[in-house]
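Engineer: predicted model and sequence follow; I will ask about them next.
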Amino acid sequence: MGKKILVVDDSATVRQQVGLALSQAGFEIVEAVDGVDGYDTIQRTPGIAMVICDVNMPRLNGIEMLQKVKEDPRFATIPVVMLTTEGQPGLIEKAKQAGAKGWIVKPFKAALLIAAAKKLTA
Amino acid sequence: MLARAEQTDRASAVTASNPARGSDHRERRGAAPFSPPAGGLREILDRCRKDVGACVHRAVEISGNAVYNAGQAIGNIVKEAREQVSDQQRIVGRIDADAHEGGEGIGASIAAQTREVSVFVGELVGHTSAQERAADFAATLTTDIVKLARDIDRIAFQSRLLSINARIECAHLGTRGNALSVITNEMNTVSEEIANANSNIARIAAELVRVLPEIAKQAGAIHRTSDEFSLHFAERQAETARVFAELLSATRSAMEQAQARVERILEMSQSALSVMQFQDPMAQDLMKLEGMVDRATGDAERLGLSANPTASDSVPMAVEQAPPQMPSIPPDEPAQSAGDVMLF
């Protein structure tokens, strides 16, 4: 099996599209529906190589989930990429300071997403 | 669009039929500011976002399944067609090798058999020709024997005649001729034996003369039959070669047609696949739509439209009043566009 990538998004469509693109590139996909579910999934799923995370989500948004992941020394080294419709520099900077490794604006291009995933999981 | 136009037409019609009622309506709206529903604009946007998301998900799922199934079917067709092409190419290659490379091929086998039969027929013709010549020679010898037998018969007759004359002369001599008489008797006996032997030789020679032409005739028949067989075999060989060439040509033609058909299937499959690639842009468009709703929800949040509306959320809708100005979003001006990937 390929490397595990956790996709956190409250949109099933986005999860489906991201999963389709990355699974075709040989990655194994794990899904979560919001920030709380995403953090729980990281804790109970060993071997996650990368997280792709939406920003605007119910219960716990993407930036908050990113902060929780980076504060936990067990998962601090997992690269997290934000995948969102937002493109404001302030939000991007905030994510960067929180430890995000990348920012992708929806709708994404599959080839670029795959390239980013391959680079960050290499 | 059409529904909205119909609604506008309908509203215009109502106002036109009852101008006073329209005026009252404007006054009423001007007097009391419009308030969002109890759940607030944010809730409406959330609901809208969920509805759009569900529709988008369903559309993408249906489209994805349809494309996946069609892709699987076309993939199977393409795979089968490629296998057929591969098989046909292998068959054509084998036929070509058999026909042209010799050795184990059908053509080479026919040629080898033809050569063997030709050699055999040639040897047979040679033997029959020798047999004919031998029969002719034997016939010539037999004729000579018959001539010799006649000479011998003539000599035997003269010997017997001489012995008779000698016996007569012995009789004239009386007792003095008795001794000679014994010799003449013996000569007569030998002459008769020679005549009998000669008669047997003549009979055998006559039999040979009668049989030898029959042998020569049979040899000639064998010769003619061999010639006819050679000619017939050559014709059959040419016919076999022609049929084999036609078979080869027909097989190649059939293979080429089949290959053309398979290539056509491949082209059609590729076309179908390329047509089906609409799925990805469509999904992107749908996700863009979902993103727009998502962004609207975020904007509503930044505008301060809470789930529990207060008086400040009320949007004045009076026609006479200036329309509410949408606050600008700075300082978070969008700096990234759709599809951009930025790695830190």
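Structural biologist: Okay, I see it.
Engineer: for the chain, just list every one of the strands.
Structural biologist: Here I'm looking at chain A. Using DSSP state E, the strands found in chain A span residues A:4-8, A:28-32, A:48-53, A:80-84, A:102-105.
Engineer: try again with chain B
Structural biologist: All strands of chain B, identified by DSSP E, fall at B:341-343.
Engineer: returning to that earlier point: out of the strands of chain A, which one sits most buried?
Structural biologist: Most buried of these, by mean neighbour count (mean count of other C-beta atoms under 10 Å in any protein chain shown): strand A:80-84, with a mean of 26. (Each C-beta comes from the backbone N, C-alpha and C, glycine too.)
Engineer: tilt between that one and strand A:4-8?
Structural biologist: With axes from the mean of the first three to the mean of the last three C-alpha atoms, to 10 degrees applied, the angle from strand A:80-84 to strand A:4-8 works out at 40 degrees.
Engineer: which residues touch strand A:80-84?
Structural biologist: Applying C-beta atoms under 8 Å, 6 or more residues apart in numbering or on different chains, the external contacts of strand A:80-84 come out as A:9, A:14, A:18, A:50-56, A:62-63, A:66, A:69-70, A:91-92, A:95, A:99-106, A:108, A:113, A:116-117, A:120, B:343.
Engineer: quick one: average pLDDT of it?
Structural biologist: The pLDDT scores in strand A:80-84 average 93.
Engineer: and the contacts of strand A:80-84, which of them are buried?
Structural biologist: Buried by 16 or more other C-beta atoms under 10 Å in any protein chain shown: A:9, A:14, A:18, A:50-56, A:62-63, A:66, A:69-70, A:91-92, A:95, A:99-106, A:108, A:113, A:116-117, A:120, out of these.
Engineer: residues contacting the nearest residue to B:V117 once chain neighbours are set aside?
Structural biologist: Among residues not flanking B:V117 along the chain, B:F233 sits closest, at 6.0 Å (C-beta to C-beta, 6 or more residues apart in numbering or on different chains). By C-beta under 8 Å, 6+ apart, the contact set of B:F233 is B:T114, B:V117, B:S118, B:V121.
Engineer: make TSV out of these and add neighbour count.
Structural biologist: Output for these, formatted as TSV (neighbours: other C-beta atoms under 10 Å in any protein chain shown):
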residue	neighbour count
B:T114	16
B:V117	16
B:S118	14
B:V121	17
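Engineer: among these, which are in helices?
Structural biologist: In helices, defined here by DSSP state H, the members of those are B:T114, B:V117, B:S118, B:V121.
Engineer: and which of the residues you listed is nearest chain A?
Structural biologist: Chain A has its nearest neighbour among those in B:T114, at 61.1 Å by C-beta to the nearest C-beta.
Engineer: the closest one against B:A238, yeah?
Structural biologist: No: counting by C-beta atoms under 8 Å, B:T114 stays clear of B:A238, with 10.0 Å between them.
Engineer: do a quick rundown of the helices in chain B.
Structural biologist: In chain B, the helices defined using DSSP H lie at B:2-17, B:19-31, B:40-100, B:106-173, B:178-276, B:279-302.
Engineer: from these, which stretch is densest packed?
Structural biologist: Among the helices of chain B, ranked by average contacts under mean count of other C-beta under 10 Å, first place goes to helix B:279-302 (a mean of 18).
Engineer: and the contacts of the lowest-mean-pLDDT helix or strand in chain A?
Structural biologist: The weakest-scoring helix or strand in chain A, judged by mean pLDDT, DSSP states H and E, is helix A:12-24 (a mean of 84). By C-beta under 8 Å, 6+ apart, the residues outside helix A:12-24 that reach it are A:5, A:7, A:9, A:29, A:31, A:33, A:52, A:54, A:83, A:106, A:108, A:110, A:113-114, A:117, B:53, B:56-57, B:60-61, B:64, B:283, B:286-287, B:290.
Engineer: at 6 Å instead, please
Structural biologist: When contacts are defined by C-beta atoms under 6 Å, 6 or more residues apart in numbering or on different chains, helix A:12-24 is touched by residues A:I5, A:V7, A:D9, A:I29, A:E31, A:A110, A:L113, A:A117, B:V56, B:H57, B:V60, B:A283.
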